[in-house]
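In: Return a 3D structure for these sequence lines:
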Amino acid sequence: RILNQERLKNFMVEIGGEVYAQGEKPGGDLWKIGIDAPSLASLPGQNIQAILSLKDVAVATSGDYRNYFEKNGKRYSHTIDPRTGYPVDHTLASVTVIEKTAVRADALATAMMVMGPEDSLMLAEEYNIPVYILVKEADGFKVQYSKAFAQYLSGD
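Out: Numbers count the residues shown, from 1 in each chain. This is a model prediction of the structure:
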C-alpha cells in the first residue's frame, strides 16, 4: 500500500517468505522467483525446484520439510491441524499459492498444508486457485500443480 501511495508502479517485496510482485522489472521483463527444492542438505535458495514469472500477484509457500522435529523415530510437523489439535500427518511437503494479496495466498497455503495433497488440489481446481505442491514419496518428492498455476511457470 505504501509503495502504491508513493505512486511506484514496478516493485517486488518479500517479507517473511511472502512475495508481492507488481508491474515489471526494469527492461520490461516479468519478476522471477524460485520455489525451493526440498533438501535438508542445502540452505534456502540454493536448489530451485521451479521458477515463477510474476506480475501483479502475491506468492506464499507453506511447508514442513524444514520445520519439524523427530521423537522416538516419528516425524512431527510444525503445522497443527485445528480439527485434531495435533501436527498434520500426511505426505504434503509444501504448498505454494499465487493470489492477488499476500494475506490470502498465505492463508490458503497454510490451510492447504492442513488439508493434504488430494483435498488441496481438488479445492484449487474447483475454485481456479494457482497451487503448486510437493508430495513426499519414498524416493523423493512428486510435483503436482493446478491448471491455473501453469501460466506462472517460467521456461527458464
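
In: ok, what's across the strand from residue 57?
Out: Beta bridges link residue 57 to residue 21, judged by DSSP bridges.

In: how far away is it from residue 105?
Out: Distance of residue 57 to residue 105, given as Cβ to Cβ, to the nearest Å: 8 Å. (Glycine included, C-beta is placed from N, CA and C.)

In: who's more crowded, those two?
Out: Counted by other Cβ atoms under 10 Å, residue 57 and residue 105 do not tie: residue 105 has more neighbours, with 26 against 19.

In: pretty sure residue 19 contacts residue 34?
Out: No: Residue 19 lies out of contact with residue 34 (Cβ atoms under 8 Å); the separation is 10.4 Å.

In: the more surrounded of these two?
Out: Higher neighbour count among residue 19 and residue 34: residue 19, with 21 against 16, using other Cβ under 10 Å.

In: Alpha carbons of the strand or helix carrying that one, in CSV - could you do that?
Out: Assigned by DSSP states H and E, residue 19 belongs to strand 18-22. In CSV, the C-alpha atoms belonging to strand 18-22 read as follows (Å, rounded to 0.1, in the frame of the first residue of the first chain):
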residue,chain,number,x,y,z
GLU,A,18,5.6,-13.9,1.2
VAL,A,19,6.3,-12.1,-2.0
TYR,A,20,4.3,-9.4,-3.8
ALA,A,21,5.3,-8.5,-7.4
GLN,A,22,3.8,-5.5,-9.1
